[in-house]
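Chemist: Sequence plus the predicted model coming up.
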Amino acid sequence: MSASTVRVRFAPSPTGGLHLGGVRTALFNYLFAQKHGGVFILRIEDTDQSRFVPGAEKYILDCLEWCGISPTEGPHQPGAFGPYRQSERKERYAQHAEALVAKGLAYYAFDTPEELESMRTNLKSDQNPSPQYDHKTRMQMRNSLSLCQKDVKQLLDSGQPHVVRIKMPAAETVSFHDMIRGEVSFQTDQVDDKVLLKADGMPTYHLAVVVDDHDMQITHAFRGEEWLPSAPVHLLLWEYLGWKEKMPKWAHLPLILKPDGQGKLSKRDGDRLGFPVFAMDWTDPRTGEETKGFKERGFLPEAFVNMLAMLGWNDGTGEEIFDLETLTERFSIERVHKGGAKFDFEKAKWFNQEWIKRSSTEKLLPLVSQQLLANGLEATENKLNEIIPLVKERCQLVNDFVAQSAFFFRDPASIDINTILPKWDAKKEQFFEHWMQIISDLAAFDATHIEAAFKDTAAAAEIKPGELQLPFRIMLVGGKFGPPVFEIAAHIGKESTQRRIRLCLELLKQQA
Ligand code: GLU
């Protein structure tokens, strides 16, 4: 590997469904790696054993594969920098935490949860209204800085549960250059002495992210904006561990915001407003709870990825439709916005419609066929080859193909008779009676011939064809939708066309 090889990572925690914000982080990593001929790594951050969910890792990989942005290196495809699951790297973190304690840059803390709780209430003062474990309070707590060496040794020897905390400097300014935000500075007195190693020997995110980014030779680290407040801890860890020169370039990606109100888009917002937030359907193995994903809701991966790329980024040209290849060409992390991007489900569906329009029949065929089958409609490949181009313009979601084409396979389940009735009269009824006979006599039953005959019959009856087309459409499809009506008639054939006219005329008679 040359020194300049770009290495980026997507580092999800396997705790449940993959949120669209996570997929966008993965996408930006993927695009950056592709653009620079680099390596895109998947690292599974599973150090929080209480939140670990079996199956979540496989699900994450499946989602990335569906999006077409599979990582090149990861637990599924190990390279030279494994293991790629943090739980399998446990010893490395402990060793570094100990080294920091030995250098006086971190310390052991023996406080129980009750002691931490009472610190928050007992040490509250006007000067320190919300006390945290930091340079102001640490000497009043039970740790290897406040206790004498003998006591510390005794506590350690007796196996007293303890954590390792970083010793944040009292008054320093730390700063770094964020690829999106520019120069970002923090005062260390604002940040608490974060836990680095937990009592169970597992690292926290803070220690693990630095050790792993170092060991995996990560050159650029892109992560959600929610990690920005922790950046000073990570900066100091890079320095304290003696790796400052090798720190990756960072970019903190803007949040994806709720469509209404303030704050980060959550799964609950999706449930509340009726749209998916996860990439694919997710079933929680612990509770059996099922959550819908974009895929199963009827999104094409191209549209999902395109929509995500535009949440917080654009190429400045006003263009909106991009495939992965063009995104790779145009993408630059510096053009990602600082501000949060509001999620808009209507816009997401617009992207999908644009992608359905652009997709070939060949590509749509298996997806449409599957949807139709799930709704009890069996269609031959030939039939689908004819129907898909006719209706795809009208479909926002792959699932819409069912409503938009069911009438090709079966008589409409309901007829919107109320749209016909206001302008219905005996003359029109006679026209359709006559039209059924004409149909029987038509030698060629294709759209052009049907249309010509329909117009001739209308002219003979002295009715404008425009006034007859809407009832004809409703007779055939049940409502005011669908592709050109003569195309529909041609596809369903003479018999079905006649039967549907007859059925509707009977309904109209009953209403009269
Ligand atoms: N495990 C962290 C998360 O899921 C990763 C953040 C990072 O990329 O450093 O948000």
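Modeler: Sure thing, it's come through.
Chemist: Tell me the residues of this structure that contact the ligand?
Modeler: Counting by Cβ under 6 Å from any ligand atom, the chain comes close to the ligand at 11, 12, 13, 45, 205, 209, 223, 224, 227. Every C-beta, even on glycine, is put in place using the N, C-alpha and C of the backbone.
Chemist: Tell me if I'm right that the last one and residue 250 touch.
Modeler: I take that to be residue 227. No: judged on Cβ atoms under 8 Å, residue 227 makes no contact with residue 250 at a distance of 9.0 Å.
Chemist: out of the two, which sits in the busier spot?
Modeler: Set residue 227 next to residue 250 and count neighbours by other Cβ atoms under 10 Å: residue 250 wins out with 22 against 16.
Chemist: So which residues make contact with stretch 90-106?
Modeler: 107-108, 144, 164-167, 196-197, 201-203, 207-208, 211, 215, 237, 240-241 (Cβ atoms under 8 Å, 6 or more residues apart in numbering).
Chemist: In helices, which of those residues appear?
Modeler: Using DSSP state H, the subset of the contacts of stretch 90-106 located in helices is 207, 208, 211, 215, 237, 240.
Chemist: excluding its backbone neighbours, what's nearest the first one?
Modeler: Looking back up the chat, that one is residue 207. Once flanking residues are discounted, residue 207 sits nearest to residue 196: 4.0 Å by Cβ to Cβ, 6 or more residues apart in numbering.
Chemist: if I pick that neighbour, what's in contact with it?
Modeler: Taking Cβ under 8 Å, 6+ apart as the test, what residue 196 contacts is 93, 97, 100, 106, 163-166, 203-204, 206-207, 237.
Chemist: With residue 100 as the reference, measure out to it.
Modeler: 7 Å (Cβ to Cβ, to the nearest Å).
Chemist: Please, which helix or strand holds the residue lying farthest from the centre of the chain?
Modeler: What lies farthest from the middle of the chain is residue 460; by Cα atoms, centre = their mean that is 57.9 Å. Per DSSP states H and E, residue 460 falls inside helix 447-461.
Chemist: which residues of the stretch 101-250 of the chain fall in helices?
Modeler: 113-122, 149-157, 205-215, 231-240 (DSSP state H, counting those that start in this stretch).
Chemist: could I get the ones you listed as TSV with mean pLDDT?
Modeler: Shown next, in TSV, are the helices of the stretch 101-250 of the chain (pLDDT from 0 to 100):
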stretch	mean pLDDT
helix 113-122	93
helix 149-157	97
helix 205-215	98
helix 231-240	98
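Chemist: any idea where the strands of the protein begin and end?
Modeler: Using DSSP state E, the strands of the chain run over 7-10, 39-42, 106-109, 163-166, 173-178, 182-187, 195-197, 220-224, 249-253, 256-257, 282-283, 290-291, 341-342.
Chemist: Using CSV, lay out these together with mean pLDDT.
Modeler: Putting the strands of the chain into CSV (pLDDT from 0 to 100) gives the following:
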stretch, mean pLDDT
strand 7-10, 98
strand 39-42, 98
strand 106-109, 98
strand 163-166, 98
strand 173-178, 97
strand 182-187, 97
strand 195-197, 98
strand 220-224, 97
strand 249-253, 98
strand 256-257, 96
strand 282-283, 96
strand 290-291, 94
strand 341-342, 94
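Chemist: Please identify which of those is closest to residue 438.
Modeler: strand 290-291 (52.2 Å; Cβ to Cβ).
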